[in-house]
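Novice: Mind looking at a prediction? Sequence and model below.
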Amino acid sequence: MKYAKFYAFALAIILIDQAVKLWVHDNMVMGTSGEILVFGDWFKLHYTLNPGMAFGLQIGSKVFLTVFRLISTIAITWYIAHLINTKAPIGFVWCMAAILGGAIGNVVDSTFYGIWLDNAQYMENPPFFYPLFYGQVVDMFYLDIWKGHLPENIPLIGGDYYAFWPIFNVADSAIFLGVATILVKQKTFLVIENPTLTTPTKEA
């Protein structure tokens with residue numbers, strides 16, 4: 001039972017993440033024409049597909065990313081149990097549970113959405129297991145922070161057009177918040193005590 005609440009928290013994140021993604025898939029039109037304004041023009045729902053990692057990053061091949069996610073979720077699942085058994089700070093364990101839930105949420109997409117939602121990227125000569133492991137992640141939360149041309153006098157990047165507008169999902173948010181909290185609280189979460197170090201005593 002000492003593990004249950006943390007894995008239940010991760011499961012809740014997975015279920016919420018999948019429910020939101022499936023709702024978006026069933027009820028929204030992909031792209032700009034289907035946008036739903038939430039707070040002005042800066043925060044909206046925008047249905048898009050992400051073939052890569054969190055916030056649209058792409059590193060390596062699709063199968064590599066999916067396998068990497070699967071291995072990572074197994075490692076994090078074990079690590080949470082290890083943290084509990086070694087009586088790690090409770091806040092650190094909650095953060096790792098949030099990261100686990102987010103990681104599995106996106107693993108479901110990349111592993112099965114190519115089959116369930118038929119959203120795998122087109123391939124001319126796909127492997128025999130295609131579209132398994134070739135699903136694209138559903139993203140929907142759109143922060144339209146800024147877009148435009150940077151001033152010419154800025155070195156290297158001046159004069160070019162840039163758009164700062166992350167599009168993400170519930171799973172990405174859980175991972176980001178978990179990692180950010182660990183970074184902010186690292187002095188509390190990651191302090192390693194060495195019981196062998198003792199204060200020297202003065203001999204008589």
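Specialist: Received, thanks. Numbers count the residues shown, from 1 in each chain.
Novice: Would you mind listing the buried residues in the helix or strand containing residue 102?
Specialist: For residue 102, the host element (DSSP states H and E) is helix 90-116. In terms of neighbour count (16 or more other CB atoms under 10 Å), helix 90-116 has its buried residues at 92-111, 113-114. Heads up, the C-betas are built off the backbone N, CA and C, glycines and all.
Novice: swap in stretch 115-135?
Specialist: By neighbour count with 16+ other CB under 10 Å, stretch 115-135 contains the buried residues 117, 119-120, 130-135.
Novice: Out of those, which comes closest to residue 11?
Specialist: Proximity to residue 11 was ranked across the buried residues of stretch 115-135 by CB to CB; first place goes to residue 135, at 20.4 Å.
Novice: Which neighbouring elements make contact with the helix holding residue 102?
Specialist: For helix 90-116, the packing partners by 3 or more CB pairs under 8 Å, 6 or more residues apart in numbering; DSSP states H and E come out as helix 4-27, helix 62-85, strand 137-143, helix 170-184, helix 186-189.
Novice: let's see it at 7 Å
Specialist: Packing partners of helix 90-116 (3 or more CB pairs under 7 Å, 6 or more residues apart in numbering; DSSP states H and E): helix 4-27, helix 62-85, strand 137-143, helix 170-184.
Novice: Now the ones you listed in TSV, please, with extra columns for mean pLDDT, distance to residue 155 and mean neighbour count.
Specialist: What follows is these, written out as TSV (pLDDT from 0 to 100; distance: least, CB to CB, whole Å; neighbours: other CB atoms under 10 Å):
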stretch	mean pLDDT	distance to residue 155	mean neighbour count
helix 4-27	98	40	16
helix 62-85	90	34	16
strand 137-143	94	27	22
helix 170-184	96	29	19
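Novice: want to throw the ones you listed into JSON lines with distance to residue 46?
Specialist: Shown next, in JSON lines, are the helices and strands packed on helix 90-116 (distance: least, CB to CB, whole Å):
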{"stretch": "helix 4-27", "distance to residue 46": "9"}
{"stretch": "helix 62-85", "distance to residue 46": "22"}
{"stretch": "strand 137-143", "distance to residue 46": "4"}
{"stretch": "helix 170-184", "distance to residue 46": "14"}
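Novice: which non-adjacent residue is nearest residue 34?
Specialist: Closest residue to residue 34 apart from its sequence neighbours, by CB to CB, 6 or more residues apart in numbering: residue 28 at 4.7 Å.
Novice: residue contacts, that neighbour?
Specialist: 34, 45, 47 (CB atoms under 7 Å, 6 or more residues apart in numbering).
Novice: can you tell me how far it sits from residue 51?
Specialist: The gap separating residue 28 from residue 51 is 19 Å, by CB to CB, to the nearest Å.
Novice: Quickly note the distance from the residue nearest the centre of the chain to residue 16.
Specialist: Centroid-nearest residue in the chain: residue 172, 2.9 Å away (criterion: CA atoms, centre = their mean). According to CB to CB, residue 172 and residue 16 sit 13 Å apart.
Novice: Please apply the same query to residue 114.
Specialist: According to CB to CB, residue 114 stands 22 Å off from residue 16.
Novice: Contacts only, for the residue lying closest to residue 76 once chain neighbours are set aside.
Specialist: Closest residue to residue 76 apart from its sequence neighbours, by CB to CB, 6+ apart: residue 100 at 4.6 Å. Contact partners of residue 100, counting by CB under 7 Å, 6+ apart, are 10, 73, 76-77, 80.
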